[in-house]
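**Student:** any chance you can model this:
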Amino acid sequence: MSISFNHTVVAARNREESATYFTDVFGLAPAKEFGPFLVVTVEHGVSLDFAKVPDDQEIHPQHYAFLVDDADFDAIYDRILQRGQQHWADPRGTKPGEINHHDGGRGVYFQDPAGHYLEIITRPYGSGG
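**Tutor:** Residues are numbered from 1 along each chain as shown. Next up, the predicted model:
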């Protein structure tokens with residue numbers, strides 16, 4: 001059996017702001033509208049489908065982690081720094097303004113406009129190094 005991850009819905013108060021933030025920081029093509037969603041496509045055809053949440057509905061922050069190569073890490077991290085955006089080396093936020101070096105790679109955590117936690121890593125966890 002072959003199972004592949006295809007897409008996920010990302011809740012946002014302002015889907016345009018959140019999708020644009022994501023494409024800007026990650027250096028991706030602009031989102032495309034598909035029904036009630038703004039769709040951002042990443043590697044292997046996987047997409048993040050940004051959806052507006054009604055004002056009276058709470059957004060429960062999720063965690064989205066992305067494996068990137070060293071050049072993409074540098075570019076994304078540079079855009080985070082250019083924005084003056086808060087970021088952390090750890091998921092609890094106890095190491096602000098730092099990156100981590102788990103498994104011989106690099107990683108950093110930050111938040112999108114809707115409060116979701118984003119993470120970029122250059123080595124999968126547990127891969128050694």
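**Student:** other SSEs contacting the helix or strand where A11 lies?
**Tutor:** Per DSSP states H and E, A11 falls inside strand 7-12. Contacts defined by 3 or more Cβ pairs under 8 Å, 6 or more residues apart in numbering; DSSP states H and E place strand 7-12 against helix 15-26, strand 47-52. In this view, the C-beta of every residue, glycine as well, is placed from N, C-alpha and C.
**Student:** sheet partners, orientation included, of the last one?
**Tutor:** In the sheet, strand 47-52 lines up against strand 7-12 (parallel), strand 37-41 (antiparallel) (DSSP bridges).
**Student:** of all those strands, which one is nearest Y125?
**Tutor:** Closest to Y125 of the strands paired with strand 47-52, according to Cβ to Cβ: strand 7-12, at 19.6 Å.
**Student:** buried sites along that closest one?
**Tutor:** H7, V10, A11, A12 (16 or more other Cβ atoms under 10 Å).
**Student:** now render these as CSV, adding distance to Q85 and pLDDT.
**Tutor:** CSV is the format used below for the buried residues of strand 7-12 (distance: Cβ to Cβ, whole Å; pLDDT from 0 to 100):
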residue, distance to Q85, pLDDT
H7, 26, 97
V10, 18, 98
A11, 20, 98
A12, 17, 98
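**Student:** quick check, nearest of these to V40?
**Tutor:** V10 (8.5 Å).
**Student:** relative to F37, how far out is the closest one?
**Tutor:** Between V10 and F37 the computed distance is 9 Å (Cβ to Cβ, to the nearest Å).
**Student:** which neighbours do the two share?
**Tutor:** Common contacts of V10 and F37, defined by Cβ atoms under 8 Å, 6 or more residues apart in numbering, comprise D49, F50, A51.
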